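1. what's the 3D shape of this:
(chains A and B)
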2 protein chains.
Amino acid sequence: MSAINPWATSGIKDYERLIKEFGITPLPESYEELMDNKYYRRGLLVGHRDLDKFIAEAKAGKSVAILSGIKPSGIFHIGSMITAEQMIYFQKKFKNAHLYYAIADLEAYVDNGQSLEKSLEIAIENVADMIALGMEPDRALVYRQSGALVVSDLAFIFSDDVTLSMLMDIYGERKISLYFAALVQAGDIFLPQTKPFGGPKPVLVPVGADQDPHIRLARDLADKHRLDLGLIPPSSVYHKLVRSLSGEEKMSKRSPQTMITLSDSKSELKQKIMNAFTGGRATIKEQKELGGEPEKCPVFDLFMYFSKDDAMINKVYYECRSGRRLCGQCKEEALELVEGFMEQHRSRREAAKSEAKSLLIRSAGQVLKPPI
Amino acid sequence: MSAINPWATSGIKDYERLIKEFGITPLPESYEELMDNKYYRRGLLVGHRDLDKFIAEAKAGKSVAILSGIKPSGIFHIGSMITAEQMIYFQKKFKNAHLYYAIADLEAYVDNGQSLEKSLEIAIENVADMIALGMEPDRALVYRQSGALVVSDLAFIFSDDVTLSMLMDIYGERKISLYFAALVQAGDIFLPQTKPFGGPKPVLVPVGADQDPHIRLARDLADKHRLDLGLIPPSSVYHKLVRSLSGEEKMSKRSPQTMITLSDSKSELKQKIMNAFTGGRATIKEQKELGGEPEKCPVFDLFMYFSKDDAMINKVYYECRSGRRLCGQCKEEALELVEGFMEQHRSRREAAKSEAKSLLIRSAGQVLKPPI
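-> Here you go, the predicted model:
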């Protein structure tokens, strides 16, 4: 059993492996509870841990939390958008749910050498994106790791529960500050369960499938602190990693030309999409005969992420597979779809900026409380 | 070059080694600046790093800090008293100096499994001892590590400057949480140099000689953050370790029967001192002929620590060496001296308790400030 590295740019090809080796539960085929979730319907959710338990508690009206985070090393890309949309989906679904959004500025410091000041600047953009995507600020807490005393103290407490070899098993051989960052992230996951935030409760963490190591660590730590802190193991739901426009496995902030961000201008979108790799064949003749391969195609993915309409996706898929749809036309349509979304998003984000700033400042007071 | 372990119960025998291998500077033989320091005059200070630089800056009227800490895992013993008295000596000497006293409750958590709540309880006693010993609260900040955001953030930043092998070199092979504790302690040392506390300044750390690894690490980190944070390497002054009453090298909270605490009752003092190992010979006859060995004697040490009068110490020393002083009489005198001190200290500490509590609470607000 080798380690999955959540900090790597390249992702995990084989989701089966997560299910078999690490015990992620596959989602049921027609899961009534998630039929209103477009990512679920479109097969973009890979699996979960204890999602059913979380949903049962949330439906029973208990106080629950939805939590995820972002490393503020750049503007929102599609991956951050999916995580955000999953969080917002559950926030809207359960009116008794509080959303926690962690700005991982300490991780950005050790992983990217980015100053805390710069992270704050970018975090304002990120939170504005969250609001533009529909987050309800009244039931949300966004905070920076560097400003969260409870999180640091939890990280320290957790450092006493792990050994070096345990961290190496989970994360592979990394520099010591990244192990530290992992413990801080565990601190984030348990923030909603601390005294200043009302004590133990069910928490759901929607993340990309490559983030499962953090969840495994957190669940292990919860078991160790069941008695003294009363921690409940977090639930999780995983989405597939976003392919890069060059067809590689995971879109990454590290190769900006092959990823779409929520701040791209129309001309940037055009350039990126028109230059994208596709699932098309070598020649038009071949494509017409054999049909394209949408399964391999990052342009087809754009319909999956941005279309509001399942029927439209089906149409694109079958037209492509049957050879009736060629890549040039398809790219034009994808561009129009994405640009339509972006146009609306840009103005919403602009409008949300001052609220984002005040949300970050407001919550600072809340997470600064000492844990005892 | 092997590691010195500051967490071990047994200390370092050979102070020469610190000087030769680790580059501690010996103190000059008649150091004008320290002639009013009883521990210096009595040969109990082992050496220093940049003490002369610190004194020069302090005399020039610059804003300076004196800093040390305590692991709140028990009440004050003689070792904590010496550190405290050294801090207070420098606080009184330089009116432009601010005293920082770190309550290492995170270290107590990982090293002793002690809850943060319990540490707070003991910290109140410790701070009352500080006040009873003469600390001036108006120029002091006492704080708990678990309540100090700046310290946690610094620890995290420093974690990116060290490698595992570097930590192993300094501290030997330890559990990961103790490396973490060492970085938190480095955070403590630089607290006075952060923005919320007025930025870079000379800092003097009086500690037992076994704590030098922490100073070495801190000085190394200061060099690494000279440019971005402007950190100045801390100065230090080291006292010899306190022998246990059984004659072993270092007094420790882990063998309570062989250490004197500042909370001992008269009858406890009597029992401990009367049962103490001495530098006496096997028989009275032999002692009268050969004289005793005060250099080996923890009862003689008590005169060194508690007497206000250098002449008294000389008297005891020469009477012992010449065979004119026997151990029974000497123990009686030591008991009287120590109990005289304790009687006064007990009532001072009782009077200081509510101030100690409010000092711990007051300072919480100051160290909770985010670093940016």
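2. neighbours around the residue of the stretch 101-250 of chain A found nearest chain B, how many?
-> In the stretch 101-250 of chain A, the residue that lies nearest chain B is residue A:152 (3.4 Å; Cβ to the nearest Cβ). Using the backbone N, CA and C atoms, a C-beta is placed for each residue, glycine as well. By other Cβ atoms under 10 Å in any protein chain shown, 29 other residues sit near residue A:152.
3. In a helix, it, correct?
-> Yes - under DSSP: H, G, I helix; E, B strand; the rest coil, residue A:152 sits within a helix.
4. can you give me the strands in the stretch 1-150 of chain A?
-> In the stretch 1-150 of chain A, strands defined by DSSP state E, counting those that start in this stretch lie at A:45-49, A:64-70, A:97-103, A:140-144, listed in chain order.
5. Nearest approach to residue A:367 belongs to which of these?
-> Among the strands of the stretch 1-150 of chain A, the nearest to residue A:367 by Cβ to Cβ is strand A:140-144 (4.6 Å).
6. so what secondary structure elements neighbour that closest one?
-> Under the contact criterion of 3 or more Cβ pairs under 8 Å, 6 or more residues apart in numbering or on different chains; DSSP states H and E, strand A:140-144 touches strand A:97-103, helix A:116-132, helix A:327-367.
7. Need the strands of the stretch 1-150 of chain A in a markdown table (columns: mean neighbour count).
-> Converted to a markdown table, these look like this (neighbours: other Cβ atoms under 10 Å in any protein chain shown):
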| stretch | mean neighbour count |
| --- | --- |
| strand A:45-49 | 22 |
| strand A:64-70 | 25 |
| strand A:97-103 | 24 |
| strand A:140-144 | 23 |
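8. Put together a markdown table for those, with mean pLDDT on each row.
-> Shown next, in a markdown table, are the strands of the stretch 1-150 of chain A (pLDDT from 0 to 100):
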| stretch | mean pLDDT |
| --- | --- |
| strand A:45-49 | 94 |
| strand A:64-70 | 97 |
| strand A:97-103 | 97 |
| strand A:140-144 | 94 |
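9. Figure out which of those is closest to residue A:331.
-> strand A:45-49 (26.5 Å).
10. could you dump that closest one to CSV, C-alpha only?
-> Taking C-alpha atoms only, strand A:45-49 is exported to CSV below (Å, rounded to 0.1, in the frame of the first residue of the first chain):
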residue,chain,number,x,y,z
LEU,A,45,-18.5,12.0,-7.6
VAL,A,46,-16.2,9.1,-6.9
GLY,A,47,-17.3,7.9,-3.5
HIS,A,48,-17.6,8.9,0.1
ARG,A,49,-17.0,8.0,3.7
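11. As TSV, the strands of the stretch 1-150 of chain A with distance to residue A:205 would be great.
-> Output for the strands of the stretch 1-150 of chain A, formatted as TSV (distance: least, Cβ to Cβ, whole Å):
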stretch	distance to residue A:205
strand A:45-49	9
strand A:64-70	5
strand A:97-103	10
strand A:140-144	15
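12. do you know which of the ones you listed lies nearest residue B:177?
-> strand A:97-103 (22.3 Å).
13. Quick one: residues in contact with that closest one.
-> A:58, A:63-70, A:72, A:87-88, A:90-91, A:119, A:123, A:126-127, A:130, A:135-136, A:139-145, A:148, A:151, A:185, A:188, A:191-192, A:360 (Cβ atoms under 8 Å, 6 or more residues apart in numbering or on different chains).
14. Domains of chain A: list them as residue ranges, please.
-> A:15-244, A:256-349 (automatic domain parsing).
15. which of those is buried the deepest?
-> domain A:15-244 (a mean of 20; mean count of other Cβ atoms under 10 Å in any protein chain shown).
16. how long is it end to end?
-> 17 Å (Cα to Cα, to the nearest Å).
17. for stretch A:18-31, same thing?
-> End residues of stretch A:18-31 are separated by 20 Å (Cα to Cα).
18. How far does it sit from its chain's centre?
-> 18 Å (Cα atoms, centre = their mean, to the nearest Å).
19. Distance of residue A:157 relative to residue B:109?
-> 7 Å (Cβ to Cβ, to the nearest Å).
20. Could you do residue A:282 as well?
-> Going from residue A:282 to residue B:109 by Cβ to Cβ gives 64 Å.
21. picking that back up, save the domains of chain A as JSON lines, and put in distance to residue B:339 too.
-> Output for the domains of chain A, formatted as JSON lines (distance: least, Cβ to Cβ, whole Å):
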{"stretch": "domain A:15-244", "distance to residue B:339": "40"}
{"stretch": "domain A:256-349", "distance to residue B:339": "73"}
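22. looking at those, which is closest to residue B:267?
-> domain A:15-244 (37.1 Å).
23. What is the distance between the closest one and the centre of its chain?
-> 8 Å.
24. same thing with stretch A:301-313?
-> Averaged over its C-alpha atoms, stretch A:301-313 has a centre that lies 19 Å from its chain's centre (Cα atoms, centre = their mean).
25. Endpoints of that stretch, how far apart?
-> 9 Å.
26. Extract the CA atoms of stretch A:285-300 and return them as CSV.
-> Coordinates of the C-alpha atoms in stretch A:285-300 are reproduced here as CSV (Å, rounded to 0.1, in the frame of the first residue of the first chain):
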residue,chain,number,x,y,z
LYS,A,285,-12.7,11.5,-42.2
GLU,A,286,-11.7,9.2,-39.4
GLN,A,287,-13.7,11.1,-36.9
LYS,A,288,-16.8,10.9,-39.0
GLU,A,289,-16.3,7.1,-39.4
LEU,A,290,-15.3,6.2,-35.8
GLY,A,291,-16.8,9.0,-33.8
GLY,A,292,-14.9,11.0,-31.1
GLU,A,293,-13.9,9.9,-27.6
PRO,A,294,-15.6,12.3,-25.1
GLU,A,295,-14.3,10.2,-22.2
LYS,A,296,-10.8,11.5,-23.0
CYS,A,297,-11.8,15.0,-23.9
PRO,A,298,-11.3,18.1,-21.7
VAL,A,299,-13.6,20.1,-23.9
PHE,A,300,-16.4,17.6,-23.3
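27. and the gap between residue A:341 and residue A:87?
-> Distance from residue A:341 to residue A:87, by Cβ to Cβ: 18 Å.
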